[in-house]
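Peer 1: Whatever this is, show me its structure:
(2 chains)
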Amino acid sequence: MTKQQANWSPYDNNGGSCVAIAGRDYCVIAADTRMSTGYSILTRDYSKISKLADKAVLASSGFQADIKALQKHLAARHLIYQHQHNKQMSCPAMAQLLSNTLYYKRFFPYYAFNVLGGLDSEGKGCVFTYDAVGSYERVGYSAQGSGSTLIMPFLDNQLKSPSPLLLPAQDAVTPLSELEAIDLVKTVFVSATERDIYTGDKVEIVILNAEGLRREFMDLRKD
Amino acid sequence: MSKATIDLPPKGGFSFDLCRRNDMLSKKGARPPSYRKTGTTIVGIIFQDGVILGADTRATEGPIVCDKNCEKIHYMAPNIYCCGAGTAADTEAVTDMVSSQLQLHRYDTGRESRVVTALTFLKRHLFNYQGHVQAALVLGGVDFTGPHLHTIYPHGSTDTLPFATMGSGSLAAMSVFESKYREGLTKDEGINLVSEAICAGIFNDLGSGSNVDICVITKGHKEYLRNHLLPNANVYALKREYTFPKKTEVLLTKITPLREKVEIIEGGDAMEE
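Peer 2: Take a look at the predicted model:
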């Protein structure tokens, strides 16, 4: 008797791509605004970016229902932290919290591919990249989601991260200026939209720097 | 007489020898390679002077666009064209094959090809392959009996319709036809309606995209409007030039001489035959 396969899955993939780039004194986090299921578009105007703390912004692609639940959980934990410590969580602290939250559901994961961007305690840009179960690493730039395989090689070529094995330890943050980094992000999304059917409509770009948080939108192909 | 089995070359058609191996591999978790499909929107309408066919121009391999501007309206005969959805290789092969068959038939009969002839060749071939040839077609043309429009499904069944849509974007396109189609459209009205239907597929279906191709066939005349509409022109202008190093960078040069591993034996045995 052949084993019966499950014909219902608790997960769905809503598509989309997320990118984050760390600079000397800024961090750029971007994601497209298309939410899809199968071959259909659910909405052209869905934000995948959420502000977890003053200096920590999360961009997630994958199953948006799980992501909504994850964001609510992190917001609640952040509120408790603020009550207990009388200050906002720093980006590296939020990074660790996110990792622990994801690993807590190791055997029924959040179908979320996350990229956390922000400023560390010295005001330098930092980007943390995650897998679905919480493995994370601090990097200079990262891409996640359906277009990540198209975007990452281009970012590697333009922003090449120095090897972590080199001594003396080199900074992973890019020497590009803020405007150059934003232009790079726009280029990357335009290219990903050409070839990935799940990426398109609009790109939402969030820029974090010493002055605060700024949001920009740019139209992409809608087909 | 020995019972030797003669290995005959295959007579043609599909060989199902590897099916059991493929089944075993997929049970072990090996994913088969994806083929290029034309996750598509194709349409056809009959208007007052003939037929108009329309198609989008995106070809996909899973979630990736592999061709942004491919041609989905295939030539069958001077007065007959066919739009193809499904596996790209299958639609190309089957339309090329039937196009050649039609030409031989024209030499045989000495007459212009009829749409029903092309229809019968296609449906016989597809039924013969029991749906394994995954081609879903919209066939349209004008012959001496008048204008004709047909849809052909991968298993070989056909429909004769005044307006038709196929492909993953067929529902989006059909919604436009069902609300706006009427009999006796003029050529310009027909082209606009077909463009609207294809655009509905392009913007609402993720498997369709890029540009609109149109083909207008009337008695004794055809107009192939390749890229009639380009609603997705790339308007983003790069602010800086992206330069790439012309050579592969050399990061490190280290030469390690290999140690001699060959032992030389003086006066050894001569090599045996």
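
Peer 1: Please identify the helix or strand for residue A:117.
Peer 2: Residue A:117 is located in strand A:112-119, with elements delineated by DSSP states H and E.

Peer 1: That strand vs chain B: in contact?
Peer 2: No - applying Cβ under 8 Å from any Cβ of the partner chain, one finds strand A:112-119 separated from chain B by no less than 14.4 Å. Using the backbone N, CA and C atoms, a C-beta is placed for each residue, glycine as well.

Peer 1: That strand packs against which elements?
Peer 2: Packing contacts for strand A:112-119, counted by 3 or more Cβ pairs under 8 Å, 6 or more residues apart in numbering or on different chains; DSSP states H and E, involve strand A:17-22, strand A:26-32, strand A:56-62, helix A:64-85, helix A:91-104, strand A:125-130, strand A:141-145, strand A:202-209.

Peer 1: So which of these is nearest residue A:7?
Peer 2: Closest to residue A:7 of the helices and strands packed on strand A:112-119, according to Cβ to Cβ: helix A:64-85, at 19.7 Å.

Peer 1: on that earlier part again, pick the most buried one from the helices and strands packed on strand A:112-119.
Peer 2: strand A:17-22 (a mean of 30; mean count of other Cβ atoms under 10 Å in any protein chain shown).

Peer 1: Mind giving me the packing neighbours of that strand?
Peer 2: Using 3+ Cβ pairs under 8 Å, 6+ apart, strand A:17-22 is in contact with strand A:26-32, strand A:56-62, strand A:112-119, strand A:125-130, strand A:141-145, helix A:148-159, helix A:178-195.

Peer 1: With mean pLDDT and distance to residue B:246 as extra columns, can I get the ones you listed in CSV?
Peer 2: As requested, the helices and strands packed on strand A:17-22 are arranged in CSV below (pLDDT from 0 to 100; distance: least, Cβ to Cβ, whole Å):
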stretch, mean pLDDT, distance to residue B:246
strand A:26-32, 97, 29
strand A:56-62, 97, 34
strand A:112-119, 96, 32
strand A:125-130, 95, 30
strand A:141-145, 96, 24
helix A:148-159, 92, 13
helix A:178-195, 94, 21
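
Peer 1: okay, the ones you listed in a markdown table with distance to residue A:80 next?
Peer 2: Compiled in a markdown table, the helices and strands packed on strand A:17-22 are given as follows (distance: least, Cβ to Cβ, whole Å):
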| stretch | distance to residue A:80 |
| --- | --- |
| strand A:26-32 | 24 |
| strand A:56-62 | 15 |
| strand A:112-119 | 19 |
| strand A:125-130 | 21 |
| strand A:141-145 | 27 |
| helix A:148-159 | 32 |
| helix A:178-195 | 33 |
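
Peer 1: Show me the shaky parts of chain B.
Peer 2: Where chain B drops to pLDDT under 70, the residues are B:1-13, B:33-38, B:268-270, B:272-273.

Peer 1: name the element the residue in it that chain A sits nearest to belongs to?
Peer 2: Closest approach of chain B to chain A (Cβ to the nearest Cβ) occurs at residue B:209, with a separation of 3.6 Å. For residue B:209, there is no helix or strand it lies in under DSSP H and E.

Peer 1: pretty sure it is touching residue A:198, no?
Peer 2: No - applying Cβ atoms under 8 Å, one finds residue B:209 not in contact with residue A:198, separated by 11.9 Å.

Peer 1: more neighbours, those two?
Peer 2: residue B:209 (28 against 25; other Cβ atoms under 10 Å in any protein chain shown).

Peer 1: In contact with that one, which residues?
Peer 2: Contact partners of residue B:209, counting by Cβ atoms under 8 Å, 6 or more residues apart in numbering or on different chains, are A:197, A:221, A:223, B:56-58, B:65, B:68, B:202, B:232.

Peer 1: cool, residue A:125 as well?
Peer 2: Residue A:125 touches A:21-27, A:117-119, A:173, A:208, counting by Cβ under 8 Å, 6+ apart.

Peer 1: Dig out what the residue nearest the centre of chain A forms beta bridges with.
Peer 2: When Cα atoms, centre = their mean is applied to chain A, the residue found nearest the centroid is residue A:115 (2.7 Å). With DSSP bridges applied, residue A:115 shows beta-bridge pairing to residue A:59, residue A:129.

Peer 1: Contact partners for it?
Peer 2: Remark: with contacts taken as Cβ under 8 Å, 6+ apart, residue A:115 is in contact with A:18-20, A:29, A:58-60, A:127-130, A:142-144.

Peer 1: any idea how far it lies from chain B?
Peer 2: Taking Cβ to the nearest Cβ, to the nearest Å as the measure, residue A:115 falls 19 Å from chain B.

Peer 1: what's the neighbour count on residue A:168?
Peer 2: 4.

Peer 1: same question but for residue B:96, I mixed them up
Peer 2: 13.

Peer 1: now the nearest residue to residue A:118 once chain neighbours are set aside: how far from chain B?
Peer 2: Sequence neighbours aside, residue A:91 is the residue nearest to residue A:118 in space, at 3.5 Å (criterion: Cβ to Cβ, 6 or more residues apart in numbering or on different chains). To chain B, residue A:91 is 29 Å away according to Cβ to the nearest Cβ.

Peer 1: Spit out the contact partners of residue A:91.
Peer 2: Neighbours of residue A:91 in contact, by Cβ under 8 Å, 6+ apart: A:53, A:55-56, A:116-120, A:126, A:128.

Peer 1: closest to chain B among those residues?
Peer 2: residue A:117 (21.9 Å).

Peer 1: Run through the residues that contact that closest one.
Peer 2: A:20-22, A:27-29, A:56-59, A:91, A:125-128, A:206, A:208.

Peer 1: try 10 Å
Peer 2: By Cβ atoms under 10 Å, 6 or more residues apart in numbering or on different chains, the contact set of residue A:117 is A:18-22, A:26-30, A:49, A:55-59, A:91, A:125-129, A:141-142, A:206-208.

Peer 1: what's the answer for residue B:138, then?
Peer 2: B:42-44, B:51, B:53-55, B:72-73, B:81-85, B:149-152, B:161, B:164-167, B:170.

Peer 1: Inside helices: which ones of the residues you listed?
Peer 2: residue B:170 (DSSP state H).
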